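Asks: Sequence and predicted structure are below.
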Amino acid sequence: MGVFYIILSVVCGIIILFVITSYIIMTILLNKSFGRMNFEEGKEFISYNDIKDKYERTEYSFKSKNNNLKAYLYRKDTSQKLVVYVHGMCAGHQSYLSDIISLMNRGYNVFTYDFTGTGESDGNHYCGLNQQYFDLNNAIKFLKENNLFGYKDIYLYGHSMGGYAVACCCDEIFSGIVSISGFDSHIDELVTTFSKNANGFVKVMAKLMLSIKYIIDQGCKYNIKAHNVLKKTTVNTLVIHGTNDELVPFEKISILSKKDIINNSKVKYLEMSDELHNGHNSVIASTDCVIYQKEKMKIYKKAFEETKDHNKARDAMLEDFDVFKFNNANEELMEIIDKFYQENNK
């Protein structure tokens, strides 16, 4: 009996040591991989200073865990329609101003925010790809506390991390939800991204260690899968994904790949297969924008090959740079989204 307890103690000790080690290693790796991102005006992305003469915005803030998040309500007119815009991995919502401008030009006002660790919001890092899920839920809480700013029809829009977050939201304050380039599971996406060339054992261990990290930090919400939420949702949802998405593989990781499992008439799907619009980001960019970005990236790559210096290559790319041409929404896709929203007015 004594031997049994000795073996049990050793096994328990090994498990505890593995859990502690996994948590420490994954915390360090995630903090390093998902560190703070600040927005730089006058660089690759449109800033509010570029458009402030045409569009009004009001500043707000709300809490997400221990961080204050900066939020904005963008207005062009007295529209009674509001889109809650949830951005992806970038340096804050201003990286997506081309989409926000397109929505305003179509008669929507837009509420958006910089998620934890980005733009003007607090946070030294955001520790993973599901942070937007928690920030979005706190944004919704803030909207409800403010009587939804008086809007009758409210819609939800998200891309990438935002696409995952909105797909995991079934709050009935929304008349319609659009999820673009979203992954089904943030842990599966992380394992796929960081273990591309690893063998099966390494991938299993990486997933186990990530799960331990998130279970300790987030409890039962550690790995909410979008398809499980969409199975039960009563909110009309449109899931959009590029067939050649280089960051969220269409066939394996995307929400759209789970459509047979979801099997819910409330959820519609749009596969983007056009060569210029089937990537992770190109899906939401205009044709001219995609072509211009490719031209500028050629300049960047050539300069980097010559200098081996990212800053000098970036400076070369930004010569004679047209920020609006580099950031221009896919109006054909926006037309589809606009029609979807209009079909789902309350």
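Replies: All right, it came through fine.
Asks: C-alpha only now, for contacts and for neighbours.
Replies: Will do.
Asks: Tell me the buried residues in the helix of greatest length in the chain?
Replies: As assigned by DSSP state H, the longest helix anywhere in the chain is helix 2-33. Neighbour-count burial for helix 2-33, counted by 16 or more other Cα atoms under 10 Å, picks out V19, S22, Y23, M26, T27, L30.
Asks: Which other helices and strands does that helix contact?
Replies: Of the remaining helices and strands, those touching helix 2-33 by 3 or more Cα pairs under 8 Å, 6 or more residues apart in numbering; DSSP states H and E are helix 200-218.
Asks: quick one, the helix it packs on and helix 2-33 angle?
Replies: Counting by axes from the mean of the first three to the mean of the last three Cα atoms, to 10 degrees, helix 200-218 lies at 80 degrees to helix 2-33.
Asks: for helix 200-218, packing partners?
Replies: Using 3+ Cα pairs under 8 Å, 6+ apart as the contact test, the elements touching helix 200-218 are helix 2-33, helix 186-194.
Asks: okay, those in CSV with distance to I173 and mean pLDDT next?
Replies: Output for the helices and strands packed on helix 200-218, formatted as CSV (distance: least, Cα to Cα, whole Å; pLDDT from 0 to 100):
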stretch, distance to I173, mean pLDDT
helix 2-33, 33, 84
helix 186-194, 25, 84
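Asks: Just put those helices in JSON lines and tack on distance to D217.
Replies: JSON lines is the format used below for these (distance: least, Cα to Cα, whole Å):
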{"stretch": "helix 2-33", "distance to D217": "9"}
{"stretch": "helix 186-194", "distance to D217": "14"}
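Asks: ok, Q293 to T118 distance?
Replies: In this view, Q293 and T118 are 23 Å apart by Cα to Cα, to the nearest Å.
Asks: Of the two, give the one with the bigger neighbour count.
Replies: Counted by other Cα atoms under 10 Å, Q293 and T118 do not tie: T118 has more neighbours, with 25 against 18.
Asks: Tell me the pLDDT of the more buried one.
Replies: In this model, T118 is scored at 90, pLDDT.
Asks: partner residues bridging it?
Replies: Going by DSSP bridges, T118 is paired in beta bridges with M37.
Asks: do K81 as well
Replies: Beta-bridge partners recorded for K81 (DSSP bridges): D153.
Asks: List the contacts of it.
Replies: By Cα atoms under 8 Å, 6 or more residues apart in numbering, the contact set of K81 is G107, Y108, N109, Y151, K152, D153, I154, Y155.
Asks: out of everything not next to it in sequence, what's closest to F326?
Replies: Once flanking residues are discounted, F326 sits nearest to C289: 5.3 Å by Cα to Cα, 6 or more residues apart in numbering.
Asks: and V84, what element?
Replies: strand 81-86 (DSSP states H and E).
Asks: So for that strand, what gets flagged as buried?
Replies: For strand 81-86, a neighbour-count test (16+ other Cα under 10 Å) marks K81, L82, V83, V84, Y85, V86 as buried.
Asks: just checking, the second one touches N109?
Replies: Yes: counting by Cα atoms under 8 Å, N109 is a contact partner of L82 at 4.9 Å.
Asks: Quick one: residues contacting the residue nearest the centre of the chain.
Replies: Residue closest to the mean C-alpha point of the chain, counted by Cα atoms, centre = their mean, is M161 at 2.1 Å. Neighbour list for M161: H87, G88, M89, L129, N130, Q132, G182, F183 [criterion: Cα under 8 Å, 6+ apart].
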